[in-house]
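# just the structure for this:
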Amino acid sequence: MRLYEPSSLDQTVLALIIEQPRHGFALHKELDSDESLSSVMRVRRPLVYRAINSLLEAKFIRPSKVEPGDQGSARTVYTATAFGKRTNQQWLNEVVTHPRDARIELLCKFVLRSRQGLSNTTLARRQREAFSKIAIDLKKSAKQPDVGAQLVAQWRYETVNAMVRVLQSVK
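Numbering: from 1, shown residues only. Here you go, the predicted model:
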């Protein structure tokens, strides 16, 4: 049996529901209209509903009421469970383990933490420390005899180093 691991989108939807109980259409509208969130991820409406279904199945959210729809069927409003709130808070405080996850997951965490009035300083410091270690290892691997492998290692080193510099500026 495989355990459910919420995706970055699932966690983002959960964080928005924690902020304020919402239905799927309102969640999609918020993801689409919030400039910070939409610059990190663009999400089609069916994916929002898929995230809702995953969160429901994992018992991170529950239906709280049904509202009449403006045009069409009724809309179910969801609220976060205590388990969902704990899980999301833990996720918001965790560093990402791989630099490739910084583009969406880490940026989502910073945006969502800011929306909640939380400081990003400690998370940025911890993430900078983690990425600095990775950069050191990448610099060592850039000294390979194979020119192609050298280029890839140099690219990855410079990319991680750029992330470290940006993280230094987070207040």
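
# where does pLDDT dip in the chain?
1-2 (pLDDT under 70).

# spatially central, which residue of it would that be?
Closest to where the C-alpha atoms of the chain average out (C-alpha atoms, centre = their mean) is E105, at 3.4 Å.

# residues contacting that one?
With contacts defined as C-beta atoms under 8 Å, 6 or more residues apart in numbering, the neighbours of E105 are S8, V96. Using the backbone N, CA and C atoms, a C-beta is placed for each residue, glycine as well.

# can you pull out the helices in the chain?
For the chain, the helices defined by DSSP state H cover 8-19, 24-33, 35-40, 45-57, 82-93, 107-115, 121-141, 147-168.

# what is the first one packed up against?
Counting by 3 or more C-beta pairs under 8 Å, 6 or more residues apart in numbering; DSSP states H and E, the packing neighbours recorded for helix 8-19 are helix 24-33, helix 45-57, strand 75-80, helix 82-93, helix 107-115.

# tell me which of these lies nearest to G148.
helix 107-115 (30.0 Å; C-beta to C-beta).

# could I get that closest one in PDB with only the CA atoms?
These are the backbone C-alpha positions of helix 107-115, laid out as PDB (Å, rounded to 0.1, in the frame of the first residue of the first chain):
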ATOM      1  CA  LEU A 107       8.400  29.700  -3.700                       C
ATOM      2  CA  CYS A 108       4.800  28.500  -2.800                       C
ATOM      3  CA  LYS A 109       5.900  28.100   0.800                       C
ATOM      4  CA  PHE A 110       7.300  31.600   0.900                       C
ATOM      5  CA  VAL A 111       4.200  33.100  -0.700                       C
ATOM      6  CA  LEU A 112       1.800  31.200   1.600                       C
ATOM      7  CA  ARG A 113       3.800  32.000   4.700                       C
ATOM      8  CA  SER A 114       3.700  35.700   3.800                       C
ATOM      9  CA  ARG A 115      -0.100  35.500   3.300                       C
END
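
# tell me the domain ranges of the chain?
Following automatic domain parsing, one gets these domains for the chain: 8-115, 121-168.

# re the thing from before, so which of the helices and strands packed on helix 8-19 comes closest to Q168?
So among those, helix 107-115 is nearest, using C-beta to C-beta, at 14.0 Å.

# quick one: neighbours of L123, just the number.
21 (other C-beta atoms under 10 Å).
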